[in-house]
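Q: no sequence on this one, just coordinates:
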C-alpha cells in the first residue's frame, strides 16, 4: 500500500495541465471507437473471428464495445480514471498483438500505430491518474 500512496502523491505534485487535454483526447478516441463498434458491429465480429476469439467468446464484442464507451467517458471526465484505464488496457493490448499486428504498420488502413500510441497513453494515465482538472480531484478535495 505504501507504493500506491507514493505514486498518488507523486502524480498529484507532478501533473502538468497539458496532460489533462491529452487525457480528454484519449477518452474521446476510446469513446469514438465504442460508437464505431456499435454502428458497425459486423466489423468488430469479423476482426474477432480473424483473431479466433469470437468462436470461444461470443459475448466478447459486446464487452469490448461497452468498456470503450463507458471507460472512454469516465476518462474524459476524470472519474475513477485509473480503474477506467485498467479496464481498457487488456482490450487495447489484444488489439495491438492479436488484431492489428497481423496487418503491419505500413499496410493500408492499419491502426497498429494508433493502437500502440493509445496503449502507451493508457499506461501513462494508469500512473498519473486524472490530474488536477478531473472529478477524481474534485471528490478528493470535497469529501462528503
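A: Happy to help now that I have it. These numbers come from a predicted model, not from an experiment.
Q: Tell me who's in contact with the residue nearest to residue 136 when sequence neighbours are not counted.
A: Once flanking residues are discounted, residue 136 sits nearest to residue 130: 3.8 Å by C-beta to C-beta, 6 or more residues apart in numbering. For every residue, glycine as well, the C-beta is placed using N, CA and C. Residues in contact with residue 130 (C-beta atoms under 8 Å, 6 or more residues apart in numbering) are 23, 78-79, 81-82, 136-137.
Q: and residue 130, helix, strand or coil?
A: What DSSP: H, G, I helix; E, B strand; the rest coil gives for residue 130 is coil.
Q: pLDDT score assigned to it?
A: What the model reports for residue 130 is a pLDDT of 86.
Q: try the one 4 residues further on
A: Reported pLDDT at residue 134 in the predicted model: 88.
Q: how far away is the residue nearest to it when sequence neighbours are not counted from residue 28?
A: Excluding the flanking residues, the one nearest residue 134 by C-beta to C-beta, 6+ apart is residue 78, at 2.3 Å. Distance, residue 78 to residue 28, using C-beta to C-beta, to the nearest Å: 13 Å.
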